[in-house]
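Chemist: Pasted the sequence and its predicted model underneath.
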Amino acid sequence: GVETSIKEVVDTLAKITNFKGEIVWDKKKPDGQMRRCFDMSKANKDLGFKPAYGILRGLKETVVWFKANRKKARL
């Protein structure tokens with residue numbers, strides 16, 4: 001339920017993954033969604049779901065999981 005910019009997500013993933021390349025933004029297509037804010041009320045109401053932690057920890061844990069499972073997924 002916290003609004004996060006796409007740039008913030010990309011920068012965070014680059015830091016977490018130790019990405020050393022260049023991130024290039026296509027300025028010809030600035031009409032894309034610049035920010036995201038997920039409404040967690042339905043998940044909470046219908047499933048009783050409440051996030052245990054924020055986006056930074058979620059991204060870190062997703063990267064750790066992906067690295068551990070990428071060979072299984074044949075990526």
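Modeler: Looks like it arrived, so ask away. Numbers count the residues shown, from 1 in each chain.
Chemist: okay, and the helix or strand of the protein with the least pLDDT?
Modeler: strand 35-36 (a mean of 70; mean pLDDT, DSSP states H and E).
Chemist: Downstream of that strand, the next helix or strand is which one?
Modeler: Heading C-terminal from strand 35-36, the first helix or strand you meet, by DSSP states H and E, is helix 41-47.
Chemist: Where does the nearest residue to G58 once chain neighbours are set aside sit: helix, strand or coil?
Modeler: Of all residues not flanking G58 in the chain, P51 sits nearest, at 7.6 Å (Cβ to Cβ, 6 or more residues apart in numbering). C-beta coordinates here come from the backbone N, C-alpha and C atoms, glycine included. Put simply, P51 is coil when judged by DSSP: H, G, I helix; E, B strand; the rest coil.
Chemist: Might one say that P51 is in contact with M40?
Modeler: Yes - proximity of P51 to M40 meets the contact threshold set by Cβ atoms under 8 Å, at 6.7 Å.
Chemist: Show me the strands in the protein, by range?
Modeler: 4-5, 35-36 (DSSP state E).
Chemist: Longest helix of this protein, counting residues only.
Modeler: The residue-count maximum for a helix in the chain (DSSP state H) belongs to helix 55-69.
Chemist: So which elements touch that helix?
Modeler: On a contact count with 3 or more Cβ pairs under 8 Å, 6 or more residues apart in numbering; DSSP states H and E, helix 55-69 meets helix 6-17.
Chemist: Pull out the buried residues from the helix it packs on.
Modeler: Within helix 6-17, the residues scored as buried using 16 or more other Cβ atoms under 10 Å are T12.
Chemist: and if you look at stretch 54-61?
Modeler: L59, K60.
Chemist: Excluding its own residues, what touches that stretch? List them.
Modeler: Stretch 54-61 is contacted by residues V2, T4, V9, T12, L13, I16, P51 when judged by Cβ atoms under 8 Å, 6 or more residues apart in numbering.
Chemist: show me what contacts the residue nearest to F19 when sequence neighbours are not counted?
Modeler: In space, F19 comes closest to L13 once its chain neighbours are excluded; the distance is 7.3 Å by Cβ to Cβ, 6+ apart. Applying Cβ under 8 Å, 6+ apart to L13 gives the contacts F19, L59, V63.
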